[in-house]
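[1] Quick check, what structure comes out for this input:
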Amino acid sequence: MKWWWRYGQETPNLWKEVVNAKYGKLDNWCTKKNTAPHGVGPWKYINNMKDDFFQEVSFRIGNGTSVKFWKDKWLLNIPLKDSHPRLFLIATEPDSTVASNRDGNIWDIRFRRNLQDWELGEIFDLFKSLERFPVNSQTPDSLKWGESSKGVFSVKASYNRMNTIDVLTDPWPWKLIWKTKLPTKIKCFTWTALKNATLTLDNFKKKKIHLVNRCYMCQKESESVNHLFLHCPVAADLWHMFTAILGISWTIPYCLKGAVESWSLWKMNETINKIWQMIPACIFWCLWIERNSRCFDGTSTPNCSLKSKCLVNLFSWSNLSPVNDVIPLLDFIGSLSVA
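    Below is the predicted model:
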């Protein structure tokens, strides 16, 4: 977002000329969107933040030559096309700038036809707002960040704002992954699984790679992230093993994200809480390793051995040491009970 702020606020310099030459200049505030199916570059990824950035900014009007009268946010907290939709529909030039809707010091808004009686109240409200709005033709237009009077962008303010939005729209417990003692590659894999991005056969189909879609674990249902890690009989057996050890009753949710959210809602005592947080990732990883073994090597592990591997991995990750003796492992399993 910082680069979008710099692009709109800074005077022309070398880096802007390079970006404009490669991607094309849309207006004074942003470049054209890169729609090429190939190529990698920093600005291509910065472009993905453009919509989020312009939701948080408005415009300070100077001479009005760079701000769109109807489509940009400058007079109210929303664009005029949203606050006065009926007037926008009959505007002569929907893409006109603020300056083009003025004649000297007078507002001169043009429409394609004469206004109807029921539209007069709306135009009166618009002119009432406009007559209180100062216009300085001697200064250029500029960006304003957020609701503060200074309106200056900062990375900290942007970060806090994005976190606030994420909490409201996506309140799932990310700490269940990143704030554990799991190895880094297990954390990354779990995150990928929750984003439905693991290379299961249904995701291959989305990439237009067509293969016979059958679960390698049960050989009955089609393979998907939700089926492989939750509803496959092999996966369900692992989940039931842990619920039996812990002494709890739990219904497996429909989707993977819902399962992690539901798992995090249990209130555990401090002695096993950190181990509890690692159980979903442990199950996911063991199932994925077994799935790939059956897919690429043609070898399968009995369910009882798969359960043992899962418990051994959980013990190793929670104690940050390998299993050298069966006694500590049995004590560890016994300590998991919450009943």
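
[2] From here on, just use CA atoms for contacts and neighbour counts.
    Will do.

[3] Wait, residue 226 touches residue 253, no?
    No - taking contacts as CA atoms under 8 Å, residue 226 lies outside contact range of residue 253: 9.4 Å.

[4] what ranges of the stretch 101-250 of the chain fall below the confidence cut-off?
    Applying pLDDT under 70 to the stretch 101-250 of the chain flags the ranges 164-173.

[5] which residue ranges form the strands in it?
    102-103, 106-107, 142-145 (DSSP state E, counting those that start in this stretch).

[6] now for the longest one, which elements pack on it?
    So the one you mean is strand 142-145. Strand 142-145 sits against helix 2-9, strand 57-60, with contacts defined as 3 or more CA pairs under 8 Å, 6 or more residues apart in numbering; DSSP states H and E.

[7] Can I get these in JSON lines including mean neighbour count?
    Shown next, in JSON lines, are the helices and strands packed on strand 142-145 (neighbours: other CA atoms under 10 Å):
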{"stretch": "helix 2-9", "mean neighbour count": "16"}
{"stretch": "strand 57-60", "mean neighbour count": "21"}
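
[8] and of these, who's closest to residue 79?
    When the helices and strands packed on strand 142-145 are compared by CA to CA, strand 57-60 sits nearest residue 79, at 9.3 Å.

[9] Check which element follows the closest one along the chain.
    Using DSSP states H and E, the helix or strand that follows strand 57-60 in sequence is helix 80-83.

[10] State the mean pLDDT of that following helix.
    Averaging pLDDT along helix 80-83 gives 92.

[11] right, and the strands of the stretch 101-250 of the chain - which one's nearest residue 10?
    With CA to CA as the yardstick, what comes closest out of the strands of the stretch 101-250 of the chain is strand 142-145 (9.8 Å).

[12] Now find how far off-centre the closest one is within its chain.
    25 Å (CA atoms, centre = their mean, to the nearest Å).

[13] That strand: partners in the sheet, and parallel or antiparallel?
    Applying DSSP bridges, strand 142-145 is found paired with strand 57-60 (antiparallel).

[14] Residues contacting the partner strand, please?
    67, 72-74, 77, 141-146 (CA atoms under 8 Å, 6 or more residues apart in numbering).

[15] Most neighbours among those residues, which one is it?
    Neighbour counts for these, by other CA atoms under 10 Å, peak at residue 67, which reaches 27 neighbours.

[16] how close does that one sit to residue 307?
    63 Å (CA to CA, to the nearest Å).

[17] Also residue 256?
    Noted for residue 256: a distance of 20 Å to residue 307, by CA to CA.

[18] which one of the two has more residues nearby?
    residue 256 (23 against 20).

[19] Nearest residue to the more buried one in space, please, no chain neighbours.
    Using CA to CA, 6 or more residues apart in numbering and skipping residues adjacent in sequence, the residue nearest residue 256 is residue 226, 5.6 Å away.

[20] cool, and residue 32?
    residue 26 (5.0 Å).

[21] That neighbour reaches residue 8, doesn't it?
    No - using CA under 8 Å as the test, residue 26 is too far from residue 8 to be in contact (11.7 Å).

[22] what's stretch 133-151 in contact with?
    Contacts of stretch 133-151 (CA under 8 Å, 6+ apart): 5, 8-9, 56-67, 75, 152-153.

[23] so can I have TSV of the helices and strands packed on strand 142-145 showing distance to residue 272?
    Putting the helices and strands packed on strand 142-145 into TSV (distance: least, CA to CA, whole Å) gives the following:
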stretch	distance to residue 272
helix 2-9	43
strand 57-60	46
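
[24] Looking at these, spot the one closest to residue 15.
    When the helices and strands packed on strand 142-145 are compared for distance to residue 15 using CA to CA, the nearest one is helix 2-9, at 9.3 Å.

[25] Please work out which residues outside the closest one touch it.
    Looking at what lies outside helix 2-9 - CA under 8 Å, 6+ apart - the contacts are 16, 28-30, 46, 50, 53, 142-143, 153-155.

[26] Just the buried subset of those, please.
    If you count burial by 16 or more other CA atoms under 10 Å, the buried members of the contacts of helix 2-9 come out as 16, 29-30, 50, 53, 142-143, 153.

[27] ok, so of those residues, who is nearest residue 113?
    Distances from residue 113 to those, taken by CA to CA, are shortest for residue 29, at 31.9 Å.
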